[in-house]
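Peer 1: fold the following for me, if possible:
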Amino acid sequence: MEVHGDVSLGSVSRQRADSRFRVTEGSHAPGCELPLHAHRASNLTVVLQGGFREQSSTGSVECSPGSVLYKGAYLPHRNRYGREGATVLHLEPVTPYSGAALLMAALSPAHHGVMPQVPPALGNLLSSFKLDRKERRILDRCLAGAGRLVAPRWARGLCRRLLADSAAPVSLGSLAREYGISRSQLTRGFRRSYGCSIGEFQRRIRLERAAELLACSELPIAVIAGECGFSDQAHLCRLFRGRTGRSPGGFRREAGGHCRNR
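Peer 2: Here you go, the predicted model:
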């Protein structure tokens, strides 16, 4: 299986980056097939024209113009392009497992698949990318149903806290008192802002951090579970399989030491 640190497949017409994300526009010829491969960073693909079928261990998905596809890091997949080929925007963090990568993973509702509707917070993140007028117009059409909710200051602060230290236990009562709001305001406001509960947001970040350690270290899985805030190895294994469709050991074997050896 090939593992790519950046977009190295297809005909790249443009690529640009800021301190957090890299945006690549690429084209794939009609009827072409890409062999089994994976990417080191969780990423998003927005289909601008044409379409393709993507096959992975978690299933097969059809991507058409306007589709927003999320793929987790080190997810083996292959692609087959239709009669028109495809033109896509590929959006990925500059640094795998960075704060930007963790945020993208936490805002995405599945480890792999086309989003039926882009959550508002992820729409806000996508809207921050530097795009030209044509790309912006197409992306805005993709995000038409996402809305443009602005998270309150306390929610943004809590988001930054969870990204910085997801292993720390969270008490909803203590957080509500700290931010001077009721517990129901805390839970409803966070879900409205980020599309999931505080606990689910935290779990997604923990699982992404666990994936980093599985791919980039030789630490025992039980140690990784403890460092990432899971109660034990069984807890990590259950949630990791539920999120990715693979066991932690299977994920480590698929990563194949590429992160450690690059």
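
Peer 1: for residue 77, give me its contacts.
Peer 2: Residue 77 is in contact with 36, 37, 38, 54, 55, 56, 71, 112, counting by Cβ atoms under 8 Å, 6 or more residues apart in numbering. The way it works is simple: take the backbone N, C-alpha and C, and place the C-beta from them, glycine included.

Peer 1: next one: residue 46
Peer 2: 67, 68, 69, 88, 89, 91, 126, 138, 139, 142.

Peer 1: count the residues that sit near the third one.
Peer 2: It stands for residue 69. 20 (other Cβ atoms under 10 Å).

Peer 1: look up phi and psi at the nearest residue to it once chain neighbours are set aside.
Peer 2: Among residues not flanking residue 69 along the chain, residue 45 sits closest, at 4.5 Å (Cβ to Cβ, 6 or more residues apart in numbering). Here is the backbone geometry of residue 45 (degrees, to the nearest 10): phi -120, psi 130.

Peer 1: residue contacts, residue 45?
Peer 2: So residue 45 contacts 63, 67, 68, 69, 71, 88, 89, 90, 91 (Cβ under 8 Å, 6+ apart).

Peer 1: check the offset of stretch 133-140 from the chain's centre.
Peer 2: In terms of Cα atoms, centre = their mean, to the nearest Å, the centre of stretch 133-140 is set 21 Å apart from its chain centre.

Peer 1: just the ones of the contacts of residue 77 in strands?
Peer 2: In strands, judged by DSSP state E, the following of those are found: 36, 37, 38, 54, 55, 56, 71, 112.

Peer 1: for the closest residue in space to the fifth one that isn't next to it in sequence, phi and psi?
Peer 2: For residue 55, ignoring the flanking residues on the chain, the nearest one in space by Cβ to Cβ, 6+ apart is residue 78 at 5.3 Å. Geometry field for residue 78 lists phi and psi as phi -130, psi 150, criterion degrees, to the nearest 10.

Peer 1: contacts only, for residue 78.
Peer 2: Residue 78 neighbours (Cβ under 8 Å, 6+ apart): 33, 34, 35, 36, 37, 54, 55, 56.
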